[in-house]
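[1] Need a 3D model of the sequence below.
(3 chains)
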Amino acid sequence: MATQTPKRLRHLTSINDLRIDEIEALFALADRYLDELSDPHIPYRIGRSLTEAQGSLLATLFYEPSTRTRLSFETAMIRLGGKSISSADPATSSAAKGESLADTVRVASNYADVLVIRHPRDGAARFAADYASVPVINGGDGAHEHPTQTLCDLFTLRRENKDLNRLNVAVSGDLKGSRTIHSFVYALARFGAEITLMPAGGMDLPEHVYWRLKHDYQHTPTRPSDVADPEVDAVYVTADQPHQLALIAEAGAVVDESSKKKSRAKRAIDAVYVTRFQKERWANKDQDYPTVDANFLKGKEFSHTSVMHPLPRVGELDVAFDSDPRAVYFRQAAYGVPIRMALIAGLLELSNAHALETFEAGFRPAQYVLYDQPNGVGDRCVNANCIVHDPLDGKYARNKFHLIEADRPRLRCHYCENDVTHFFVAHRKHKTYAPAASGLHVSKTQANTVFFNDAKSAEDAGYTLQPPRHAPRA
Amino acid sequence: MATQTPKRLRHLTSINDLRIDEIEALFALADRYLDELSDPHIPYRIGRSLTEAQGSLLATLFYEPSTRTRLSFETAMIRLGGKSISSADPATSSAAKGESLADTVRVASNYADVLVIRHPRDGAARFAADYASVPVINGGDGAHEHPTQTLCDLFTLRRENKDLNRLNVAVSGDLKGSRTIHSFVYALARFGAEITLMPAGGMDLPEHVYWRLKHDYQHTPTRPSDVADPEVDAVYVTADQPHQLALIAEAGAVVDESSKKKSRAKRAIDAVYVTRFQKERWANKDQDYPTVDANFLKGKEFSHTSVMHPLPRVGELDVAFDSDPRAVYFRQAAYGVPIRMALIAGLLELSNAHALETFEAGFRPAQYVLYDQPNGVGDRCVNANCIVHDPLDGKYARNKFHLIEADRPRLRCHYCENDVTHFFVAHRKHKTYAPAASGLHVSKTQANTVFFNDAKSAEDAGYTLQPPRHAPRA
Amino acid sequence: MATQTPKRLRHLTSINDLRIDEIEALFALADRYLDELSDPHIPYRIGRSLTEAQGSLLATLFYEPSTRTRLSFETAMIRLGGKSISSADPATSSAAKGESLADTVRVASNYADVLVIRHPRDGAARFAADYASVPVINGGDGAHEHPTQTLCDLFTLRRENKDLNRLNVAVSGDLKGSRTIHSFVYALARFGAEITLMPAGGMDLPEHVYWRLKHDYQHTPTRPSDVADPEVDAVYVTADQPHQLALIAEAGAVVDESSKKKSRAKRAIDAVYVTRFQKERWANKDQDYPTVDANFLKGKEFSHTSVMHPLPRVGELDVAFDSDPRAVYFRQAAYGVPIRMALIAGLLELSNAHALETFEAGFRPAQYVLYDQPNGVGDRCVNANCIVHDPLDGKYARNKFHLIEADRPRLRCHYCENDVTHFFVAHRKHKTYAPAASGLHVSKTQANTVFFNDAKSAEDAGYTLQPPRHAPRA
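    Sure, this is the predicted structure:
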């Protein structure tokens, strides 16, 4: 790319772009901002401003409706002493003229010192980072991740005096499409939390998120199928059905079997994380959705539970609960300001901040090797909502995958981080291909390795099936 | 509410939230800003900036289209040295995801130091103030009020060397739906002005506004029905019909009857206030609407009249009149900046400002006792456009009414300030109800008092009709 | 106009509002900003800010979708130390309520210190300048001009070490509707460049632009019809057809014939300027459009060509070309910041800037006499997209024309600068009219001169045909 720069850039496109010690450094800085700048009447509210970011400029490029996240970033920048520019409405922006995100990002990089991007496509932030010459912050990309919300969520629990290294958290609602949940459960697992999943019917965690929790972060959440009652869809309908509470208790108990010692502590739920029913993402807009209210939370295990919600809410969290001391969701929203101040300060290396370590490639060294092929060489990511399938940005996007050699091979899209286990590996020079599951990795040379989603694509591209080494031919 | 704060907060949701001496203090500060900061070439234009609001943050939350009011507030904050964040488009905000105003306000309170709200629902600003932890300024709420426009209007007249305590003002056009007019006539009445009403056909002042002028502020405006020609609808059609002028003269004469001494002075009209035909609010978009132009204003009583308009205009005020020295509407718009600077400075208690007095409840002690019942206890306000009928915010809104014991009892909604005279009062403990007009106030204890709009609602809620004390039973 | 001010105001509504020495002063200041403030890693990017515009306020009033231009102006103002307010979405602005641009500009003039206007109507910026009391910058008005883009384009060529006084530039694509091209070719001609036109089929330069290049700026661009192949529409279809290159070479050769000495140098193309196919402006959205890519640019004459594009692009410029060192379009976008900083600094007379000279009328003394008649006296400009035909602004707009007495008389609209050669001149007092081509200019007194587009209009307005002086009557 013409505008690529030798500067070592740091982006935040996934919560996993940050090391645990970096997250803790951000929390320490956010604490300090609250100490110095909080409203004398409201301890969790930043009420004064610094001047250390004077002359710095943040751009918010939002391709989806938002008030909270955008205003929260702008507020954070202003409280640091900086300014912001904003493209908040897709309909009045260059996107309406048919401009790709890649072009917009390259241009905006020459204006602002840090970019915040919200986009309906999974992986859009990571794709944008490929083209930016300033740090990119993911403000929510499709169903992929929303890492700054997670920083805010963890910081809230810390401010509520929860021990981040011993959390027991239940996550409720739309676990499938909620990017907030995906970032959150990764972070929880990395901090060593216990996680109980309470999905709405048909809205469980995606397989690839569950797999990563288990294999990359050594955590197995308690899933509905792990517990006694198999009627998952029926269980979480509303809080009028108290056996839900029992279920969570039982779920805790199941975990406890393996560790008698932790059993007592485990029963107390530190936080219930409620998510919005994102009607705009679901075909069946009238489906039942779990509701959290005082009745739901009457069990002893909830007596000190922080009830969290990324907001906005649309009915899944009873407004009558707002005055309950366990309702922390408005404080949670308020903490978005100091935590985003800390993040911006770290990325811009402001005087007060412990600068985030910068990496050559803009990211932590990948856990798995990156295979990078131009557009047209091999197949696209299978996720239809991945940024690579965008009519405009697809022209730019390369085929970037991580190859994971676990129990059975997995192919993970570099952008949206969706996995497939059924795929084909081809050798660009030998013009042969084989099913990934056969173990026949055609080439160890990344440049020669091409991936296909099905045999037909490989054949159409001129590759020939490589016969299995040990199996007898038919 | 979880975020309620002990801080004594001051809001501006109605022009009547300000005492006369506070309004005068704002004018004095605005004068001072003009003295110090005006453009050397344009005396009514603020052309330079202060730094005293550095680090302060204003948020504009606009749920209706606007350029003027929003930009005016942002300009005022910037001229004070502060910054602003803005949610200007309902379609790209959290509202599009179905978020209530109550939630948005609670979140935005944790970002900005002062909130300006424009909303299509009557009473939205007062409702928002219930949930805010920072000052709320009403930037226009439905057909209720637009108090900062009124501050700007009065300040304009003062700058035009009119004596605010002896004004004679005619207000023209849509007096029914124009929030600008409602705030303006309250203020005029409180300052002791004479008011002549010149409504478009069917667009007279709402009964409750007229009643308040008369009973709360001891002023009776000259109404079309007070004058000779009963054909009101026909009278105000266009300025081509010169008998309109005669009508106003006659109207003035009618007033004069009661005070021979003031008669001469009264005949001179200090200001004609023209309002936009708000097509978006009216079913019959093709109806005739009064037009003001040079011909209309040729009478002697208009020789020194300030012609005012809150803008935008759409034909009711002739563009050819713009060069007339009596046209003050562009200066009027310019004065929006210094007056809003003064208001923000007062609410934020900036160094230069005489801080507005802060009240425990966020408002001046109510003139009438407040009856406050939860949602579901008693009936809603009868005004269908009141914020309590919003599908989202209705879930939060309580049933708050002021009971006015005048000639006959009136029930005034705390939010939208619409009145009803036909209603029922019930006793929550005794489970009885009676028509308000019967004088049988069931309970003096506010907590036990419940209001219904009709007998059926009371019956349905389990209340029994209390027999009249003095009337014989049928 | 009531708000007209005695201050001598300077606007930028056309690139021709600036003298060559003023343009060079802006370039020198932009160079200085880059020297002082550029990003240490990216020399063409402004990465730090000044404080000299502290307290100054820029307003962007955008009536068309835009991200790049608006954010670029806001960035420039912020980098100077100032702030901005923005009305970016026509649908949420006063325009949605039916407000005219003239009113909006008069109001916004009282808020901000400089206005940037983008509008779909030709001539809107010049019209706005008539009503503004602060400098107006044209951010793009219909198909008329986009002068700050041109400043940015020329500055880019200068930064790429091209000699602005000896440029050889090819412009490609939509030369008809692209305001960017119109401003650019005027400036190129004035700097003495050679220009080769490469229009998409049916999208050649408008006749009036071509005429001005030739007569006002003494330049004749090489047009498709000047070269051998008459099949213009077929020639420029795609870059797959290499005879296109030959064509340009030939085109160059044609120019060279007249000057053997310049012939060598001329063959090298300094810049190819590619424009977006503005689908929103064209009825036939599926038409072929020339594409520029590496293949197109493989000829020797392109070996040091700067490939430019105002962006956004939608397919006419191959993304694979982005990594080619000749691709300067992202640097070009970056240069928008320092050049707009220089312009704002010049208009606001900031301490560091060589202030732009200010003129009585807000513009350079017109090359041709201005005839100014009220709305209704004479005919409107013939250009249907001219601001004078706007349903709202048309009420304000006067009939302002420049009368050009060249080979045959031309009438140029003051706002949109479209010409007509077939028109009628009438004498307001004598009540006679005559065809302009007859040479019978009815009056030398501007106030008495009225223009009509056809005889019928003149007759309908009560004028009588003046018999030709020398021709015998029929």
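
[2] Spell out which residues of the stretch 51-200 of chain A are next to chain B.
    For the stretch 51-200 of chain A, the contact set with chain B under C-beta under 8 Å from any C-beta of the partner chain comprises A:51, A:62, A:65-68, A:71-72, A:74-75, A:78-79, A:81, A:83, A:88-91. Every C-beta, even on glycine, is put in place using the N, C-alpha and C of the backbone.

[3] Wait, a strand at A:Glu74?
    No - counting by DSSP: H, G, I helix; E, B strand; the rest coil, A:Glu74 falls outside a strand, being helix.

[4] Enumerate every residue touching it.
    Residues near A:Glu74 by C-beta atoms under 8 Å, 6 or more residues apart in numbering or on different chains: A:Leu58, A:Thr60, A:Ser84, A:Ser86, B:Ile85.

[5] Could you rerun that using 10 Å?
    By C-beta atoms under 10 Å, 6 or more residues apart in numbering or on different chains, the residues touching A:Glu74 are A:58, A:60, A:82-86, A:88, A:116, A:340, B:57, B:59, B:83-86, B:111-112.

[6] In strands only, show me those.
    If you go by DSSP state E, the contacts of A:Glu74 have A:58, A:60, A:83-86, A:116, B:57, B:59, B:83-86 in strands.

[7] could those go into CSV alongside pLDDT, neighbour count and distance to C:Ala268?
    Formatted as CSV, these follow (pLDDT from 0 to 100; neighbours: other C-beta atoms under 10 Å in any protein chain shown; distance: C-beta to C-beta, whole Å):
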residue, pLDDT, neighbour count, distance to C:Ala268
A:Leu58, 98, 28, 42
A:Thr60, 97, 26, 43
A:Lys83, 98, 26, 43
A:Ser84, 97, 24, 43
A:Ile85, 97, 24, 39
A:Ser86, 94, 23, 43
A:Val116, 98, 31, 43
B:Leu57, 98, 25, 54
B:Ala59, 98, 26, 55
B:Lys83, 98, 26, 50
B:Ser84, 97, 24, 51
B:Ile85, 97, 24, 51
B:Ser86, 94, 24, 49
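
[8] now, which of those residues lie close to chain C?
    When contact is defined as C-beta under 10 Å from any C-beta of the partner chain, those meet chain C at A:Lys83, A:Ser84, A:Ile85, A:Ser86, B:Lys83, B:Ser84, B:Ser86.

[9] Burial check on the closest residue to chain B within the stretch 351-474 of chain A, number of neighbours?
    As assessed by C-beta to the nearest C-beta, chain B sits closest to A:Asn352 within the stretch 351-474 of chain A, at 15.3 Å. Neighbour count for A:Asn352, taken as other C-beta atoms under 10 Å in any protein chain shown: 16.

[10] from what I can see it touches A:Tyr33, true?
    Yes - when contacts are counted by C-beta atoms under 10 Å, A:Asn352 is listed as touching A:Tyr33 (8.5 Å).

[11] overlap in contacts of these two?
    Counting by C-beta under 10 Å, 6+ apart, the contacts common to A:Asn352 and A:Tyr33 are A:Leu50, A:Leu80, A:Met341, A:Ala342, A:Ala345.

[12] Out of the residues you listed, the closest to B:His389 would be?
    The nearest member of these to B:His389, counting by C-beta to C-beta, is A:Met341 at 39.2 Å.

[13] how near is the nearest residue to that closest one once chain neighbours are set aside to C:Pro135?
    The shortest distance from A:Met341 to any non-neighbouring residue, by C-beta to C-beta, 6 or more residues apart in numbering or on different chains, is to A:Ala76 (4.4 Å). From A:Ala76 across to C:Pro135, the span is 33 Å (C-beta to C-beta, to the nearest Å).

[14] Between these two, which is the more surrounded one?
    A:Ala76 (29 against 25).

[15] residues in contact with the more buried one?
    Counting by C-beta under 10 Å, 6+ apart, A:Ala76 has contacts A:30, A:33, A:46, A:53, A:58, A:82, A:84, A:116, A:148, A:336-345, B:111.

[16] Just the buried residues out of those, in ChimeraX syntax.
    For the buried members of those, the matching ChimeraX selection, counting by 16 or more other C-beta atoms under 10 Å in any protein chain shown, is:
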select /A:30,33,46,53,58,82,84,116,148,336,337,338,339,340,341,342,343,344,345 /B:111
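
[17] Just the contacts of A:Ala76: which are in helices?
    Judged by DSSP state H, helices contain the following of these: A:30, A:33, A:148, A:336-345.

[18] of those, closest to B:Tyr433?
    A:Gly336 (47.6 Å).

[19] A:Tyr329 is in contact with the closest one, correct?
    No - the pair A:Gly336 / A:Tyr329 is not scored as a contact, 11.3 Å apart, by C-beta under 10 Å.

[20] Common neighbours of those two, please.
    Both A:Gly336 and A:Tyr329 are in contact with A:Thr156, A:Pro310, A:Leu311, B:Val107, where contact means C-beta under 10 Å, 6+ apart.

[21] The second one should be in a strand, yeah?
    No - read with three-state DSSP, A:Pro310 is coil and lies in no strand.

[22] gap between the residue nearest to it when sequence neighbours are not counted and A:Tyr273?
    In this structure, A:Pro310 finds its nearest non-sequential neighbour in A:Thr180, 4.7 Å apart by C-beta to C-beta, 6+ apart. A:Thr180 is 8 Å from A:Tyr273, where distance means C-beta to C-beta.

[23] hey, what's in contact with both of the two?
    A:Asp153, A:Val171, A:Gly173, A:Met308, A:His309, A:Pro310.

[24] Who does the most centrally placed residue in chain A form a beta bridge with?
    Nearest to the mean C-alpha position of chain A, counting by C-alpha atoms, centre = their mean, stands A:Glu145 at 2.2 Å. Counting by DSSP bridges, A:Glu145 forms beta bridges with A:Asp141.

[25] OK, contacts around the nearest residue to A:Val272 once chain neighbours are set aside?
    Nearest non-adjacent residue to A:Val272, counting by C-beta to C-beta, 6+ apart: A:Ala170, 4.8 Å away. Taking C-beta under 10 Å, 6+ apart, we find A:Ala170 in contact with A:194-198, A:221-222, A:248, A:251-252, A:269-274, A:292, A:301-302, A:305.

[26] returning to that earlier point: so which of the shared contacts of A:Thr180 and A:Tyr273 is the closest to C:His41?
    A:Asp153 (33.9 Å).

[27] for the closest one, phi and psi?
    Torsion angles at A:Asp153 (phi, psi; degrees, to the nearest 10) stand at phi -70, psi -50.

[28] Against chain B, how distant is it?
    Distance, A:Asp153 to chain B, using C-beta to the nearest C-beta, to the nearest Å: 15 Å.

[29] gap between that residue and chain C?
    Distance, A:Asp153 to chain C, by C-beta to the nearest C-beta: 31 Å.

[30] In the stretch 201-350 of chain A, where is pLDDT below threshold?
    A:224-267, A:279-287 (pLDDT under 70).

[31] A:Leu151 reaches A:Phe27, doesn't it?
    Yes - judged on C-beta under 10 Å, A:Leu151 makes contact with A:Phe27 at a distance of 8.1 Å.

[32] Buried residues, stretch A:386-399. List them.
    Result for stretch A:386-399 [16+ other C-beta under 10 Å]: buried residues A:Cys386, A:Ile387, A:Val388, A:His389, A:Asp390, A:Leu392, A:Asp393, A:Tyr396, A:Ala397, A:Arg398, A:Asn399.
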